[in-house]
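Peer 1: Fold the stuff below for me.
(4 chains)
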There are 2 protein chains.
Amino acid sequence: MQNRLTIKDIARLSGVGKSTVSRVLNNESGVSERTRERVEAVMRQQGFSPSRSARAMRGQSDKVVAIIVTRLDSLSENLAVQTMLPCLYEQGYDPIMMESQFSPARVEEHLRILRQRNIDGVILFGFTGIDEALLAPWRSMLVLMARDAAGFTSVCYDDEGAIQILMQRLYQQGHRHISYLGVPHSDVTTGMRRHHAYLAFCDAHHLTPHAVLPGLAMKQGYERVADVLHDDTTALVCATDTLAIGASKFLQQHHAKPIQLASVGNTPLLKFLHPEIITVDPGYAEAGRQAALQLIAQINQSSDPQQIVIPSSLI
Amino acid sequence: MQNRLTIKDIARLSGVGKSTVSRVLNNESGVSERTRERVEAVMRQQGFSPSRSARAMRGQSDKVVAIIVTRLDSLSENLAVQTMLPCLYEQGYDPIMMESQFSPARVEEHLRILRQRNIDGVILFGFTGIDEALLAPWRSMLVLMARDAAGFTSVCYDDEGAIQILMQRLYQQGHRHISYLGVPHSDVTTGMRRHHAYLAFCDAHHLTPHAVLPGLAMKQGYERVADVLHDDTTALVCATDTLAIGASKFLQQHHAKPIQLASVGNTPLLKFLHPEIITVDPGYAEAGRQAALQLIAQINQSSDPQQIVIPSSLI
DNA sequence: CTGTTAGCGCCTTCAC
DNA sequence: GTGAAGGCGCTAACAG
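Peer 2: Numbering: from 1, shown residues only, chains lettered A, B, ... in the order given. Below you'll find the model as predicted:
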């Protein structure tokens, strides 16, 4: 498996000096067309690839980034990561994966490890409780997902827009008693912003809001959805697909009267289990792509930190 | 973010030579207790951590392994990866993630990339269609998951045992008309072995087998389960949790008569959706741990390739 | 026990 | 345009 050949070998084989090979390798100017072609031919034919470690040591980056997801089995994060990976590989970056399991301590621990590795950048899926002070040293090479923080690059979903689209749609369909199943405000984006958007819509359209904010888990949706179902309720908006799955299970078991569900997520699982649910795609795939590209841009110093918002779209 | 200090700095600060620092760093013998402590103190106090790239260049191993999953959102693979990661980190290995999406071409492409990176090892989740010839060069540093191949290290589930446990249990409960929903034989482990175990049990207990083998997807389970449901069917064994979810959906919609479901998987999702299903845990967590440990052992040349089978257990 | 000396593979002056 | 020389941070012989 060893990469036995070095630029020295290539140099010898193509009858030039090491530096010329190096120049060709880095696409530097100042090499005659003929020489360049000859060297490239030898490299190709020998299947040469330069040693990452050696380059890294010489001060370049080792082209490694970390992706810290909350959970490996998060439906939404999976969709974003799925598009990140190809973007990163395309640019020659290797993504190493870590799982925070919603534990700030684990994030801290992971960042500690990463600092030692002198990694190029980090994509971190945010959640409640992360200490921003911890992230400060990474400011220039960190992309925060699904959460924003002043001075940091972030890729967020259009929380308000997503809920608004859903409510609008339900309203158009004639629903006037729409309940809401969400996440506590300690979660600023998925929790507070989406809930506020729901309240705002209700207010603007003179609807009576009925909301409960149990949390992110299916089980929590299942156990608490009953609290917002009244006799006149005809529709229910869920802050996430995961909650919607929980709610659906409850409705199937306990509720004869049909309730129109709507949720933000567009995950394949929900799509399969309950295609009848109205869904908004928060643009997970696009978010993944943007995050990867933005991180690389910042690593290359060709972009400054900025906050990106991905538009939602009705399916 | 840069690790400005080098062993040279540490050497100067603690009044010793570079090599002594290096010795301390690698826990080599032949350093007096006093010196070692002094150097360690300086390192700690300076928050020193050696440059990976430099070590890699000298030593060969950059302590990076790849995990190639079929899909980021595979319920079972997630469970295995979840235990792998901590094992790998503990030993100082960084895991980079890749997704094959069941495409042999992608596996080939990924391995090509990995070869250039002169990576230390690979954990590959197997599936139908992978060309073993491609894996040959990796033999000594590859762990194949959920599939075995002669001469390769593999971590497999006890397919026969899992099905047998399920059948046994159903039989004990009095079921005599047990159908089977599985995966085509082109998939040797999840497909053929589990199916054969089903047939063997039926044969041994004089039951009439009714099986259909649509594939791995929920949708396939949903669409084909009807084909094995007869008037006298009282139980259904599914080769995977994913299929069971598909089947459950169908049963909920179309089947008044209760059917006892059983499946191998023990994934949290199924557990939540249908806790009443009888489940066998193929030991995903244990498989992940074993795979990580075995790979590391092989990298350290302290173990030869071997085939590991994880025992199943009834929940 | 410890310091000195060579490189590992690559990039970067600096001469030619 | 091109090659030779030096050094990145570390480890691995050597000497002392």
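Peer 1: Please, where are all the strands along the stretch 201-315 of chain A?
Peer 2: A:210-212, A:235-238, A:260-264, A:278-281, A:307-310, A:313-314 (DSSP state E, counting those that start in this stretch).
Peer 1: Determine the set of other helices and strands touching the first one.
Peer 2: What it means is strand A:210-212. The helices and strands touching strand A:210-212, judged by 3 or more Cβ pairs under 8 Å, 6 or more residues apart in numbering or on different chains; DSSP states H and E, are strand A:178-181, helix A:194-204. Any C-beta I mention is one placed from the backbone N, CA and C, and that applies to glycine too.
Peer 1: Deepest in the core, which of these is it.
Peer 2: strand A:178-181 (a mean of 26; mean count of other Cβ atoms under 10 Å in any protein chain shown).
Peer 1: anything in that strand near chain B?
Peer 2: No. No part of strand A:178-181 sits near chain B under the criterion Cβ under 8 Å from any Cβ of the partner chain; the closest distance found is 16.0 Å.
Peer 1: repeat for stretch A:104-114
Peer 2: Yes. Stretch A:104-114 reaches chain B (Cβ under 8 Å from any Cβ) through A:Ile113.
Peer 1: Pull out the buried residues from that stretch.
Peer 2: By neighbour count on 16 or more other Cβ atoms under 10 Å in any protein chain shown, the buried set for stretch A:104-114 is A:Val107, A:His110, A:Leu111, A:Ile113, A:Leu114.
Peer 1: Pull that stretch out as PDB, backbone CA atoms only.
Peer 2: What follows is stretch A:104-114, C-alpha atoms only, in PDB (Å, rounded to 0.1, in the frame of the first residue of the first chain):
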ATOM      1  CA  PRO A 104     -21.600  20.300  25.100                       C
ATOM      2  CA  ALA A 105     -18.900  18.500  27.000                       C
ATOM      3  CA  ARG A 106     -18.400  16.100  24.000                       C
ATOM      4  CA  VAL A 107     -18.100  19.000  21.700                       C
ATOM      5  CA  GLU A 108     -15.500  20.500  23.900                       C
ATOM      6  CA  GLU A 109     -13.700  17.200  24.000                       C
ATOM      7  CA  HIS A 110     -13.800  16.800  20.200                       C
ATOM      8  CA  LEU A 111     -12.600  20.300  19.600                       C
ATOM      9  CA  ARG A 112      -9.700  19.600  22.000                       C
ATOM     10  CA  ILE A 113      -8.700  16.600  19.900                       C
ATOM     11  CA  LEU A 114      -9.100  18.600  16.700                       C
END
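Peer 1: between the buried residues of stretch A:104-114, which is nearest A:Met98?
Peer 2: Nearest to A:Met98 out of these is A:His110 (Cβ to Cβ; 4.6 Å).
Peer 1: Then that closest one would be within a strand, right?
Peer 2: No. According to DSSP: H, G, I helix; E, B strand; the rest coil, the state of A:His110 is helix, so it is not within a strand.
Peer 1: ok so, going back, most tightly packed of the strands of the stretch 201-315 of chain A?
Peer 2: By mean count of other Cβ under 10 Å, these have strand A:235-238 as the most buried, with a mean of 28.
Peer 1: Parallel or antiparallel, which strands does that one pair with?
Peer 2: Strand A:235-238 pairs in its sheet with strand A:178-181 (parallel), strand A:260-264 (parallel), by DSSP bridges.
Peer 1: Any idea how far the last one is from the middle of the chain?
Peer 2: Centroid separation between strand A:260-264 and its chain, computed with Cα atoms, centre = their mean, to the nearest Å, is 22 Å.
Peer 1: how about the helices in the stretch 151-300 of chain A?
Peer 2: Taking DSSP state H, counting those that start in this stretch as the criterion, the stretch 151-300 of chain A carries its helices at A:159-172, A:194-204, A:218-224, A:241-254, A:268-273, A:284-299.
Peer 1: Could you export those helices as CSV, including distance to B:Gly283 and mean pLDDT?
Peer 2: Below are those laid out as CSV (distance: least, Cβ to Cβ, whole Å; pLDDT from 0 to 100):
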stretch, distance to B:Gly283, mean pLDDT
helix A:159-172, 39, 98
helix A:194-204, 39, 98
helix A:218-224, 24, 98
helix A:241-254, 26, 95
helix A:268-273, 24, 96
helix A:284-299, 31, 97
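Peer 1: With distance to B:Ile119 as added columns, please give those in JSON lines.
Peer 2: JSON lines is the format used below for the helices of the stretch 151-300 of chain A (distance: least, Cβ to Cβ, whole Å):
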{"stretch": "helix A:159-172", "distance to B:Ile119": "39"}
{"stretch": "helix A:194-204", "distance to B:Ile119": "42"}
{"stretch": "helix A:218-224", "distance to B:Ile119": "37"}
{"stretch": "helix A:241-254", "distance to B:Ile119": "35"}
{"stretch": "helix A:268-273", "distance to B:Ile119": "31"}
{"stretch": "helix A:284-299", "distance to B:Ile119": "21"}
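Peer 1: closest one to B:Gly59 among these?
Peer 2: With respect to B:Gly59, and counting by Cβ to Cβ, the nearest of these is helix A:284-299 at 26.4 Å.
Peer 1: so does that closest one get close to chain B?
Peer 2: No. Helix A:284-299 is not in contact with chain B by Cβ under 8 Å from any Cβ; minimum separation 10.8 Å.
Peer 1: What residues sit buried inside that helix?
Peer 2: By neighbour count with 16+ other Cβ under 10 Å, helix A:284-299 contains the buried residues A:284-296, A:298-299.
Peer 1: Now do the contacts for A:Cys202.
Peer 2: Contacts here follow Cβ atoms under 8 Å, 6 or more residues apart in numbering or on different chains; on that basis A:Cys202 touches A:Met167, A:Ile178, A:Thr208, A:Pro209.
Peer 1: For ChimeraX, what selects the buried ones among those residues?
Peer 2: Selection of the buried residues among the contacts of A:Cys202 in ChimeraX, burial being defined by 16+ other Cβ under 10 Å:
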select /A:167,178
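Peer 1: Quick check: A:Leu273 vs B:Ile308, distance?
Peer 2: 35 Å (Cβ to Cβ, to the nearest Å).
Peer 1: what's the span of stretch A:57-75, first residue to last?
Peer 2: End-to-end distance of stretch A:57-75: 38 Å, with Cα to Cα, to the nearest Å as the criterion.
Peer 1: Do that stretch and DNA strand C come into contact?
Peer 2: Yes. Using Cβ under 7 Å from any atom of the strand, stretch A:57-75 reaches DNA strand C at A:Met57, A:Arg58, A:Gly59, A:Gln60.
Peer 1: Tell me how far the second one lies from A:Ser22.
Peer 2: It refers to A:Arg58. 10 Å.
Peer 1: More neighbours: these two, which one.
Peer 2: The neighbour count for A:Arg58 versus A:Ser22, taken as other Cβ atoms under 10 Å in any protein chain shown, is higher for A:Ser22 (17 against 10).
Peer 1: who in the stretch 51-200 of chain A is up against DNA strand C?
Peer 2: Within reach of DNA strand C by Cβ under 7 Å from any atom of the strand, the stretch 51-200 of chain A has these residues: A:Ser51, A:Ala54, A:Arg55, A:Met57, A:Arg58, A:Gly59, A:Gln60.
Peer 1: Narrow these to just the buried residues.
Peer 2: For those, a neighbour count by 16+ other Cβ under 10 Å gives the buried set as A:Ser51, A:Arg55, A:Met57.
Peer 1: residues contacting the second one?
Peer 2: Remark: with contacts taken as Cβ under 8 Å, 6+ apart, A:Arg55 is in contact with A:Asp62.
Peer 1: chain center to the helix or strand that contains it, what's the gap?
Peer 2: Assignment of secondary structure by DSSP states H and E places A:Arg55 within helix A:52-57. Helix A:52-57 sits 29 Å away from the centroid of its parent chain (Cα atoms, centre = their mean).
Peer 1: okay but A:Ala244 is in contact with A:Gln220, surely?
Peer 2: No. The criterion here is Cβ atoms under 8 Å, and A:Ala244 misses it with A:Gln220 at 12.0 Å.
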